[in-house]
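Undergrad: What would the 3D arrangement of this be:
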Amino acid sequence: MALPGFKVMTLTDAAANRVKDIISKTDRPIVGVRVGVKNGGCAGMSYTMEYAETVNPLDEVVEDKGVTVLIDPKAVLFLLGTEMDFQTTKMSSQFVFNNPNQTSACGCGESVAITPATPAALQSAG
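TA: Residues are numbered from 1 along each chain as shown. As a prediction, this is how the structure comes out:
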């Protein structure tokens, strides 16, 4: 899907450490986490994350900082160039997606508007 050697998504150290921690506490074998996007929310889309027990044939596999993140094939163009972070504040701890394709977010932070990257952006990224 993506260009050889190009990662659709990267992780900060905080995100990688949090994913490792989550995976170590599961009660079943997990190969990584699957990240995607879904329609919904007041801004139009929201990010999704789930445990991945297996790699689906069409998943984009990202290995970064010792962590495996599987990108849902329908989300690749929406997530191209995204950095996944994990932030802790006084009010919450959560994964944060620093996405160059995101054009806006709702006030509550639950959903975003994302413009998919074009094939030309994919070529210039490599």
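Undergrad: can you tell me which helix or strand the one residue sitting closest to the centre of the chain belongs to?
TA: Among the residues of the chain, the one closest to the centroid is residue 35, at 4.4 Å (C-alpha atoms, centre = their mean). Assigned by DSSP states H and E, residue 35 belongs to strand 32-39.
Undergrad: Give me the distance from the following helix or strand past that strand to the chain's centre.
TA: With elements assigned by DSSP H and E, the helix or strand that comes after strand 32-39 is strand 45-52. On the basis of C-alpha atoms, centre = their mean, to the nearest Å, strand 45-52 sits 8 Å off its chain's mean C-alpha point.
Undergrad: C-alpha coordinates for strand 45-52, PDB please?
TA: Extracted in PDB, the C-alpha atoms of strand 45-52 (Å, rounded to 0.1, in the frame of the first residue of the first chain):
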ATOM      1  CA  MET A  45     -14.900  11.000  11.900                       C
ATOM      2  CA  SER A  46     -13.200   9.500  15.000                       C
ATOM      3  CA  TYR A  47     -10.100   7.400  15.500                       C
ATOM      4  CA  THR A  48     -10.500   3.800  16.600                       C
ATOM      5  CA  MET A  49      -8.100   1.500  18.400                       C
ATOM      6  CA  GLU A  50      -8.500  -2.200  19.300                       C
ATOM      7  CA  TYR A  51      -6.500  -5.200  20.200                       C
ATOM      8  CA  ALA A  52      -5.300  -7.200  17.200                       C
END
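Undergrad: list the buried ones in that strand?
TA: 45-47, 52 (16 or more other C-beta atoms under 10 Å). Placement of C-beta: from N, CA and C, glycine included.
Undergrad: again with stretch 21-31
TA: Within stretch 21-31, the residues that count as buried by 16+ other C-beta under 10 Å are 22-23, 30.
Undergrad: Next, the contact list for the residue nearest to residue 51 when sequence neighbours are not counted, please.
TA: Leaving out its chain neighbours, the residue that sits closest to residue 51 by C-beta to C-beta, 6 or more residues apart in numbering is residue 30, at 5.0 Å. Residues in contact with residue 30 (C-beta atoms under 8 Å, 6 or more residues apart in numbering) are 23, 51-53.
Undergrad: I appreciate the help and will end here.
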